[in-house]
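Novice: Give me a model of this one.
(one chain, ligands or ions: 1)
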Amino acid sequence: MPHRAPGSPGHGPGHYLQGKQIRYYRPTGSAEVRQLIEGGFQAFNAGRLSEACHIYADKMLAPASDTTIGLTVAGALTPAGLGGCVIELMERGLIDFMISTGANLYHDLHYALNFQLHRGSPFLDDVDLYEQGIIRIYDVLFPATVLLETDAYIRDFLVRSGLDGPISTSEFHYRLGLDLLERNPACAEYSVVAKAAQCGLPIYTSSPGDSSIGMNIAYHELMNGSSLMIDPNKDVNEVCAIILAGRQNGCIILGGGSPKNFYLQGQPTLWEVYGIPKGGNDYFIQITTDQVVWGGLSGATPAEAVSWGKVNPGVLPDTVVAYCDSTIAFPLFCEYAVGSEHNRRDLRKLVHKREALVADLVRQAKASKASKDARVDITREPAEIDRHR
Ligand SMILES: NC(=O)c1ccc[n+]([C@@H]2O[C@H](COP(=O)([O-])OP(=O)(O)OC[C@H]3O[C@@H](n4cnc5c(N)ncnc54)[C@H](O)[C@@H]3O)[C@@H](O)[C@H]2O)c1
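Specialist: Numbers count the residues shown, from 1 in each chain. Below you'll find the model as predicted:
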């Protein structure tokens, strides 16, 4: 690749931003895509993606199964324009809650605030990009001012919101979404965070410090003396409570990373920690580029998850991993679901039920502990009981 000196005529930052603006794509239920998936996707990973579409559309979304569905998102999906797929699923009630990397939520804010991301190339001179103030996520390009202005909005929101003390990430994202809606109600059509607030759908982040949102919350503490703190314990318990309340549970896992485990640890938290025998997931769909052979959780199969109680042993036919780039597979998957018979469900609006759900978790956990303590008392030898008197 020929090197161009920074500042060469005609090669200012604008030169890199001539590609089309990236917009959120909204699936419409295309009959042609459904036909392709039904007839053309027959074997290998096309076959697995077809299977995933069937598990989702025919089983998870069937009214009789009444499945509580979690979506986990890792990988640069909002920068790549896939937020529209998530918005469509939320609006139709086809997912009930979401766990995302902070990066995806942070980059979603650029769309909400009407900043522009552009189509570009992965084969650029990154030193020149740096000198021209252009940020690159693979082939997505945008000026560094987008970061600075998004950060300024977050800091301004933090001050205006008066948020204080320990809160869950679901509460933080809900309040952030409400603020975006107040500024511009139309942004619900092109912001995942805003649409989630409108739908009452909770969004969690598994590693709150790992994004520019977390970086600005840290600033707020250091520079403004704020006591606002993201409390991961609240997140763990809320996700657990949502899973506990589900008649059936299922997940769509995009990529791997910490959102995958944060969702899947729900069932082990219930049986291993709280002593509540809820059982594992009934449905498991993963679209990922991660491989099983490296031993990491990101690439771990549903079969491995059975041993942890994360997936019910009897349901392996209702689990599938499609080894695909999710920027290709997820829009196809959503087209299929939106065009399917069960393409709309009542919104569960779990944001507004979190307190009641956690209260039920506490009740069941205490009941389980009480019955365990009673069992221990009965099985103790009389001599042992004497020793403790
Ligand atoms: N400013 C911020 O807040 C911030 C913070 C972290 C990352 N980022 C940027 O956001 C991007 C996304 O980061 P992230 O933390 O969401 O996840 P990531 O890119 O680290 O990916 C996490 C997981 O998703 C899988 N994955 C990634 N791309 C995939 C694809 N196309 N198809 C299927 N699976 C895929 C990976 O194998 C991995 O398991 C990064 O590339 C980075 O440039 C920004």
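Novice: What degree of burial does Ala31 show, as a neighbour count?
Specialist: Using other C-beta atoms under 10 Å, Ala31 has 10 neighbouring residues. For every residue, glycine as well, the C-beta is placed using N, CA and C.
Novice: Contacts only, for it.
Specialist: Ala31 is in contact with Gly339, counting by C-beta atoms under 8 Å, 6 or more residues apart in numbering.
Novice: Roughly how far does it sit from the ligand?
Specialist: According to C-beta to the nearest ligand atom, to the nearest Å, Ala31 stands 26 Å off from the ligand.
Novice: Spell out which residues of the stretch 151-300 of the chain are next to the ligand.
Specialist: With C-beta under 6 Å from any ligand atom as the criterion, the stretch 151-300 of the chain meets the ligand at residues Ser211, Ser212, Gly255, Gly256, Gly257, Thr288, Thr289, Asp290, Ser298.
Novice: Could you give the backbone dihedrals for the third one?
Specialist: According to degrees, to the nearest 10, the main-chain angles of Gly255 amount to phi 70, psi -160.
Novice: Is it possible to mark the buried ones in the residues of the stretch 151-300 of the chain next to the ligand?
Specialist: In those, burial by neighbour count holds for Ser211, Ser212, Gly255, Gly256, Gly257, Thr288, Asp290, Ser298, counting by 16 or more other C-beta atoms under 10 Å.
Novice: could those residues be laid out in JSON lines, adding secondary structure and pLDDT?
Specialist: Shown next, in JSON lines, are these (DSSP: H, G, I helix; E, B strand; the rest coil; pLDDT from 0 to 100):
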{"residue": "Ser211", "secondary structure": "coil", "pLDDT": "97"}
{"residue": "Ser212", "secondary structure": "helix", "pLDDT": "98"}
{"residue": "Gly255", "secondary structure": "coil", "pLDDT": "97"}
{"residue": "Gly256", "secondary structure": "coil", "pLDDT": "96"}
{"residue": "Gly257", "secondary structure": "helix", "pLDDT": "95"}
{"residue": "Thr288", "secondary structure": "strand", "pLDDT": "97"}
{"residue": "Asp290", "secondary structure": "coil", "pLDDT": "95"}
{"residue": "Ser298", "secondary structure": "coil", "pLDDT": "93"}
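Novice: Nearest to Met229 among the residues of the stretch 151-300 of the chain next to the ligand?
Specialist: Using C-beta to C-beta, Ser211 comes nearest to Met229 of these, at 15.8 Å.
Novice: Excluding chain neighbours, what is closest to that closest one?
Specialist: Using C-beta to C-beta, 6 or more residues apart in numbering and skipping the chain neighbours, the partner closest in space to Ser211 is Gly102 (2.5 Å).
Novice: who touches the one you found in this structure?
Specialist: Taking C-beta under 8 Å, 6+ apart, we find Gly102 in contact with Thr205, Ser207, Pro208, Gly209, Asp210, Ser211, Ser212, Ile213, Gly214.
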